[in-house]
Structures are given as structure tokens and as C-alpha cells.
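Asks: Generate a structure from the sequence data that follows.
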Amino acid sequence: ANGVDPTSAQRLREIDFEVINEIDNILNSLEKLRSRCSRKTINIAVIGYARQGKSRLVQSLTGLSSQIIPDGAQGYCTGTLSKIVHRPGLKKAVATVDFYSENEFLSQVLDPYYKTLGLPKKPMTVEEFTLAPPPALPINKKDSEFDKARYGHLRRDYYSNVKKYRHLLKSPTIEIGEDKIQQYVTQDATDENGEKIVNYLAVKDCVISCSFPNEDIGQISLLDLPGLGDTNLIEAKRLIKILSKEADFILFVRRPEANAVWGEAHL
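Replies: Sure thing, here's the model as predicted:
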């Protein structure tokens, strides 16, 4: 290169960038281990399909009611990732709620829908998503019940309600009392007029602190996730990413049943 003496130029040519990339990967892995081993809690993720008793189990372990850990009889009810932490002596539960930024909402929530469904004209801003409905489902996707259900959630939930939750995408972290937690973690909360509350669509995660019934539980926290196979909220890759980052153990909940099969979402 111009301005570089021959000795320096030769040394630059000898640099093995593959080794540098490998070192970067190792450093990233070590950082993940350092982060995990420095946590103050052992995190147990409780997962399973809807209607398998997952939420009931979390309720019994934490002492939280169905108003906070929903166990609705009509399918999916958990709206977002909740981390439940034991805080001895706390009389009522409190929560800290983090929301997606607009960029995170575009990249982590909307992008997977557009990519999975093969939709053109991916919105570049939330404003753009607000002004125009998602394009029609491509012909080659219309025979898939799974893709039609996912598209229905994108259009019916995220697009149709965007004006109700959009303001939260710019909201800082908030702290709320027990009586308001349901409004941010469930899919089936309603206001005093019977209108559906859709705050959960903007929630990135929620940390709920409460006093577990067994006071000697120690530094254990539970991760309550949306049900497996819920096409509304969570891509398999995103679920795995959350588990790999946040969970130390996975508690898989499934009811005994005759001739049970393991479906795609299980795997």
C-alpha cells in the first residue's frame, strides 16, 4: 500500500484474520459464561404448549394469582416473557416492564413475520407500518394453515392495534404495582369498557418480584414464556435465543396423554 514501508506491508500480509475471528468468537463465548456465572439467581424456564398446566405450576410455585400469571381456558393467554423473582417479605407483587424501541420492534418483531411469510415491502419505520396494511399473503403460502394463522396475527393483532400500543415503543422502563401487571403480560386483559388491552404487543420483557410461598426457596427465579406453537408472538429461533441467554434449566410441562406425539414446536 502507498505510504507503507516494505517491512510493515509484509507483516500486514501475514496477519491471519481467520484466527482473529476465532478469537472474537471465543471471547464472545467467554463473555456469555461470565454473564451467566455472575447472575444472582438460578433461572428456570417453564415452557410447554397452552393448556398443559404450565401457568398453574408457576402460580403454585410463586403464589401469584391468575390475574398475574394467566391460565385462561381458551388457548393462549401468556402475552410476553415474564421473569419472576423471589423477594422475601414482599407483601404485594411489583413489576418492572421494558418495552421494545421502535428499531427493536421492527427488527425483532415485524421482520420475522415478513421474512417467514415472504411479504414484500417490509416497513422501514413504525410510521410506515401504521399507514399501510401488510401486503397480501403470497399464493404459495395460502395453502399452509400455519402461515395463514401467522399472517392473521400480524394483520389482526399487530397492524389493527398499532395505534393502541405504538406510544409504548418510545416509553422508558416503568415500575408498576400488582394491580396493573395483568395489563402488560396477558393477551386477554380488557379495560373498564370491555375493550381489549394490547400493551403486551410492545413489551420486551417483564420482571415480577414477589415473595414465594416457600420462604427458603433461595435465589431462584422462574421464566414464564408464551406457549409453544403460539404463532402470534414468538418465533422458534427467538424462543431458543431467549432460553440460551436467560435460562439455566428448562422445565418442560406436558400433560400425560394416550398415544402422545412430539410435534414440530416441541422439537
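Asks: ok, Ala223 - contacts?
Replies: Heads up, residue 223 is Leu, not Ala. 43-46, 81-84, 242, 246-247 (Cβ atoms under 8 Å, 6 or more residues apart in numbering). All C-beta spots, glycine's among them, are computed from the backbone N, C-alpha and C.
Asks: just the strands in the stretch 1-150 of the chain please.
Replies: If you assign secondary structure with DSSP state E, counting those that start in this stretch, the strands in the stretch 1-150 of the chain sit at 42-47, 82-86, 94-99.
Asks: mind putting these in CSV, mean pLDDT and distance to Leu110 included?
Replies: Shown next, in CSV, are the strands of the stretch 1-150 of the chain (pLDDT from 0 to 100; distance: least, Cβ to Cβ, whole Å):
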stretch, mean pLDDT, distance to Leu110
strand 42-47, 90, 24
strand 82-86, 91, 22
strand 94-99, 96, 15
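Asks: can you tell me which of those comes nearest to Ser211?
Replies: strand 82-86 (7.0 Å; Cβ to Cβ).
Asks: tell me the angle of that closest one relative to strand 94-99?
Replies: 150 degrees (axes from the mean of the first three to the mean of the last three Cα atoms, to 10 degrees).
Asks: ok, Leu239 touching Leu225?
Replies: Yes - using Cβ atoms under 8 Å, Leu239 is in contact with Leu225, at 6.8 Å.
Asks: that older thread, and among the strands of the stretch 1-150 of the chain, the most buried is which?
Replies: Among the strands of the stretch 1-150 of the chain, strand 82-86 has the highest mean neighbour count (mean count of other Cβ atoms under 10 Å), at a mean of 23.
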